[in-house]
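**Q** whatever this is, show me its structure:
(one chain, ligands or ions: 1)
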Amino acid sequence: MEKFYCRICGYRLGFEPWGDDGKTPTYEICPCCGVEFGNEDCTIKSIKEYRESWIKSGCKWFEQSKCATTWSWENQQRHLPKKFR
Ligand SMILES: [Zn+2]
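**A** Numbering: from 1, shown residues only. Now for the predicted structure:
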């Protein structure tokens, strides 16, 4: 199930951002944190750096229209895949 979540922000996507094998990035953009799968989320280091700067900039949504009014980073971060925390 973790395969459906963004490695940076824990957003539940409607697809597997790194494919079924976890090694085939789709190069789609996360509507929440704006990461390009296969780019800034390639390594643990780049994941943490991207996440940190995203949080520092106020957790801005890439596609604001998809952001639910009840959304909070505190809730969503519980869905971060464990090995990418
Ligand atoms: Zn994301």
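
**Q** show me the contact partners of the longest helix belonging to the chain.
**A** Taking DSSP state H as the criterion, the chain has its longest helix at helix 44-56. By CB atoms under 8 Å, 6 or more residues apart in numbering, the residues outside helix 44-56 that reach it are 7-9, 33-35, 40-41, 60, 73, 84. Backbone N, C-alpha and C define where each C-beta goes, glycine included.

**Q** helix/strand/coil for the residue in the chain sticking out farthest from the centre?
**A** In the chain, the greatest distance from the average C-alpha position (CA atoms, centre = their mean) is reached by Thr69, at 18.6 Å. Judged by DSSP: H, G, I helix; E, B strand; the rest coil, the three-state class of Thr69 is coil.

**Q** so which bits of the longest helix of the chain are buried?
**A** Buried residues in helix 44-56, counted by 16 or more other CB atoms under 10 Å: 47, 50-51, 54.

**Q** distance between the helix or strand just after that helix and the chain's centre?
**A** Toward the C-terminus, helix 44-56 is succeeded by helix 73-76 as the next helix or strand (DSSP states H and E). The chain centroid and the centroid of helix 73-76 are separated by 12 Å, computed with CA atoms, centre = their mean, to the nearest Å.

**Q** what about helix 73-76, near the ion?
**A** No: Helix 73-76 stays clear of the ion (CB under 5 Å from the ion), getting no nearer than 9.0 Å.

**Q** what lies in contact with that helix?
**A** By CB under 8 Å, 6+ apart, helix 73-76 touches 9-11, 32, 55, 59.

**Q** you'd agree Val35 is up against Glu28?
**A** No: here Val35 lies out of contact with Glu28, judged by CB atoms under 8 Å, at a distance of 9.5 Å.

**Q** which of these two has more residues huddled nearby?
**A** Taking other CB atoms under 10 Å, Val35 and Glu28 do not tie; Val35 has more neighbours (24 against 13).

**Q** nearest spatial neighbour of the spatially most central residue of the chain, skipping sequence neighbours?
**A** The chain has Cys6 as the residue nearest its centroid, 3.0 Å off, counting by CA atoms, centre = their mean. Excluding the flanking residues, the one nearest Cys6 by CB to CB, 6 or more residues apart in numbering is Cys30, at 4.7 Å.
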